[in-house]
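> Give the three-dimensional model of this entry:
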Amino acid sequence: MRVLISNDDGIFAPGIAALTKAFAAAGHEVVVAAPDSQRSAASHSLSLGKPLRVREVELEGAAHAYAISGTPADCVKLAIKKLYPQAEAVISGVNHGHNIGTDVLYSGTVAAAMEGSLMGCPAIAVSQAFNREDTYPLAAQMAVEALEKIRLCPLPPLSVLNLNYPDADEAKGLMPAPLGVLRYLDDYIPSTDESGAITYTLTGHLDPSMPIADDDYSWLMRGYATMTVLNYDMTDSEATNARKEA
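Numbering: from 1, shown residues only. Down below sits the predicted model:
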C-alpha cells in the first residue's frame, strides 16, 4: 500500500523513524509528512490563513519525507491534498507517551490519524510509554500488523484505530478496550518572566490511585497493548434526543 506517516513529536523523532522502517520493510511505499518540530498536544488545530513551509529531508525507508511548519493535522491535510494524494492509508506515531482515555482529546498524534480518516483513508494512531526507546520497533510492528487486519476487516467510515503499547519488554496480548477517564494531579505554577509579567506553566502527572477497571488505561497497567476504535462524532444521541422533551 501507499502509506502516509505523520506524528506530533516532529519529523526526526525516534517513533516516526521506527514506523517508517517497519512499513518499508513490510513492502509498503512510505511517504512522511510531519511537523518540523515538536507539536505535542496540538489536538486537531489547523493553521488557518498562515502559509506553511515545506522542506524535503532524508529519512531512511521513505520515498519522500517532508518537514512542515504546521500542526499534525496540517501535515496530513496538505500531504493528501498536494504532496501525496496517492496515499491509501495514514499512520501516525509512534508517539512518545500513551494516548489513552481523555488524553485523546488533546493528542496531535490521534488528530493526524483522524484527519486522514476524514479525508477517506484508513487510519491508525500508535503510541507507547515514555522513556522506552527499546519498544519503538515493537509498537511500529504492531501498527504494521494492524494495517493488514484493517485491509481484511475495514474500520467504520470516519474512524481511527488507536493503538497503545505498554511499558513492558513484551506485551501480554492486544486487548480491545474503551477509553478511560484519566485523573491528573496537576497545577499551574506561577513565575515571573524577564519583563516582569507573571506566567503560568502546567505541570503534573497521572494520579497513581486511579482504580483499575476495564478501560484502556487499566489494560496497559496490566501489561497489555490496547486497541480502541475512535470516531469523530462525539454526539450523545440519547441526551440530544431527550432535549426534544425539555
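
> Can you show me the strands along the protein?
All strands of the chain, identified by DSSP state E, fall at 2-6, 29-35, 54-57, 64-68, 89-96, 123-128, 159-165, 174-176, 184-192, 198-206, 225-231.

> Export those strands as a markdown table, with columns for mean neighbour count and mean pLDDT.
C-betas here are computed from N, CA, C, even on glycine. Below are the strands of the chain laid out as a markdown table (neighbours: other C-beta atoms under 10 Å; pLDDT from 0 to 100):
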| stretch | mean neighbour count | mean pLDDT |
| --- | --- | --- |
| strand 2-6 | 28 | 98 |
| strand 29-35 | 25 | 98 |
| strand 54-57 | 13 | 98 |
| strand 64-68 | 21 | 98 |
| strand 89-96 | 29 | 97 |
| strand 123-128 | 30 | 98 |
| strand 159-165 | 26 | 98 |
| strand 174-176 | 16 | 97 |
| strand 184-192 | 11 | 96 |
| strand 198-206 | 10 | 94 |
| strand 225-231 | 20 | 97 |
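
> G15: which of those strands is closest?
Among the strands of the chain, the nearest to G15 by C-beta to C-beta is strand 89-96 (3.3 Å).

> Quick check: closest non-adjacent residue to L138.
Ranked by C-beta to C-beta, 6 or more residues apart in numbering and with sequence neighbours excluded, the top spatial neighbour of L138 is Y165, at 6.0 Å.

> Flag the shaky bits of this protein, pLDDT-wise.
Low-confidence segments of the chain (pLDDT under 70): 246.

> how big is the angle separating the longest helix seen in it from strand 89-96?
Identified as the longest helix of the chain according to DSSP state H is helix 136-152. Here helix 136-152 runs at an angle of 150 degrees relative to strand 89-96 (axes from the mean of the first three to the mean of the last three C-alpha atoms, to 10 degrees).

> Report the buried residues of helix 136-152.
Counting neighbours by 16 or more other C-beta atoms under 10 Å, one finds that the buried residues in helix 136-152 are 136-144, 146-147.

> tell me what that helix is packed against?
helix 14-25, strand 89-96, strand 123-128, strand 159-165 (3 or more C-beta pairs under 8 Å, 6 or more residues apart in numbering; DSSP states H and E).

> quick one: contacts of the longest one?
This points to helix 14-25. Contacts to helix 14-25, defined as C-beta atoms under 8 Å, 6 or more residues apart in numbering, come from residues 3, 5-7, 9-10, 30, 32, 34, 59-62, 65, 91, 93-96, 126, 128, 133, 136-137, 139-141, 143-144, 147.

> Okay, A17 and A139: tell me how far apart.
12 Å (C-beta to C-beta, to the nearest Å).

> contacting residues for N162?
N162 neighbours (C-beta under 8 Å, 6+ apart): 99-100, 104, 110, 113, 124-125, 127, 227-230.
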